[in-house]
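Peer 1: Compute the structure for the input listed below.
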Amino acid sequence: MANTTFSGPVRSENGFVIANKNSSTGIVTDSSVHSSANKDVRRYYLEEYWKRRPALNAVVNTAFSDADATAAANGTIRLAEKVANKDFEVLGTSMTTALCTFDTTRAGIIITTGGTDQNQAIIAPHLDTNQSSWTAVPWGTENQVTWECTVTTAASIADIKLWAGLKLTNDQLIVTDADQAYFKFQTDATNSEAFTDFTLLHFVHSIGDTDYISALPITVAVDTEYHLKIVIDSNRKASIYVNGIQYNVTSTSGSTGGTAVTTGTDKTAALTDDVNFIPYIGVETGAGSAKALKVHWQAISRLIFE
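Peer 2: Residues are numbered from 1 along each chain as shown. Sure, this is the predicted structure:
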């Protein structure tokens, strides 16, 4: 049966089934999905909706010292540790726990930089050994990883750099990681690379130190919600989506500029095999004023076994 698009909602009394057809025998089998959420039982899922706000890593790893000998001081340390997110931390140049707050207007959290040029606010899974499955479980290029998040830009996007996706390090610079797949928006080339059009959202991917920059036909605007999604298939090729629309990915290499792409289904070439990514979301100010990004949720999944 060909693809079918319905104008209204589709429902089933007994859930939905993902079926597989054996190319040799023609036998169709039920791959079995959770009836309540249509999750494929062959995959491993993590979701983060910020029930607790991320803090600096030191907050969840603070030991008592002689100066903390009073019950009140110890209680303060333990309370900070108790309310901190156990899976995620905030980091970056001049970042503090206080600069990550719950959003009182939209659901989620707000990360805000300090007010000095090149100050950063970055959300990262805890990197400490056995602290979180967000990093303890490998998110490898061979594992058919799907990552997504929803963010909203702030009232000002002047002098700013925003990035979100799958990387090896938390650095927004393209040249830092030999392998990566992430979305990036920046308003200038200061402390970064030059883009041909700084008004557009870009998708960056690197394969063994060869960089590719796709300039999406999306003009980034203030106070605007963006759902970003990366899907890596069984051939290690990545597809990208923004707000539910799939966009082509360029095959033209280059670490500056950016190649214009349109909507479509072109994927990346095969990513480097057995590279384990880490999801990062960050904002950096390019001027003497604080910049912010609203982060509503993020999710990641992979095959239980490749």
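Peer 1: Against residue 183, how distant is residue 220?
Peer 2: 10 Å (C-beta to C-beta, to the nearest Å). Yep, even glycine has a C-beta here, placed from its N, CA and C like the rest.
Peer 1: wait, is residue 124 part of a helix?
Peer 2: No. Using DSSP: H, G, I helix; E, B strand; the rest coil, the assignment for residue 124 is strand, not a helix.
Peer 1: wait, isn't it in contact with residue 298?
Peer 2: No. Counting by C-beta atoms under 8 Å, residue 298 is not a contact partner of residue 124; they are 11.3 Å apart.
Peer 1: shared neighbours, those two?
Peer 2: residue 279 (C-beta atoms under 8 Å, 6 or more residues apart in numbering).
Peer 1: number of nearby residues for residue 155?
Peer 2: Residue 155 is flanked by 7 other residues according to other C-beta atoms under 10 Å.
Peer 1: hmm, I was thinking of residue 130
Peer 2: Counted with other C-beta under 10 Å, residue 130 comes out at 8.
Peer 1: And the one 5 residues further on, by the same measure?
Peer 2: For residue 135, the tally of surrounding residues (other C-beta under 10 Å) stands at 19.
Peer 1: wouldn't it be in contact with residue 89 here?
Peer 2: No. Using C-beta under 8 Å, residue 135 is not in contact with residue 89, being 10.6 Å away.
Peer 1: any shared contact partners between these two?
Peer 2: With C-beta under 8 Å, 6+ apart as the test, residue 135 and residue 89 both reach 125, 126.
Peer 1: What segments of the stretch 1-150 of the chain are helices?
Peer 2: 71-83, 133-136 (DSSP state H, counting those that start in this stretch).
Peer 1: Using PDB, write out every CA atom in the last one.
Peer 2: By that I understand helix 133-136. This file holds the C-alpha atoms of helix 133-136, laid out as PDB (Å, rounded to 0.1, in the frame of the first residue of the first chain):
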ATOM      1  CA  SER A 133      21.600   6.600  31.500                       C
ATOM      2  CA  TRP A 134      21.600   9.600  29.200                       C
ATOM      3  CA  THR A 135      25.400   9.100  29.000                       C
ATOM      4  CA  ALA A 136      26.000   5.700  30.500                       C
END
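Peer 1: Return the set of buried residues in that helix.
Peer 2: Residues of helix 133-136 classed as buried: 134, 135 (neighbour count, 16 or more other C-beta atoms under 10 Å).
Peer 1: Please state the offset of that helix from the chain centre?
Peer 2: 14 Å (C-alpha atoms, centre = their mean, to the nearest Å).
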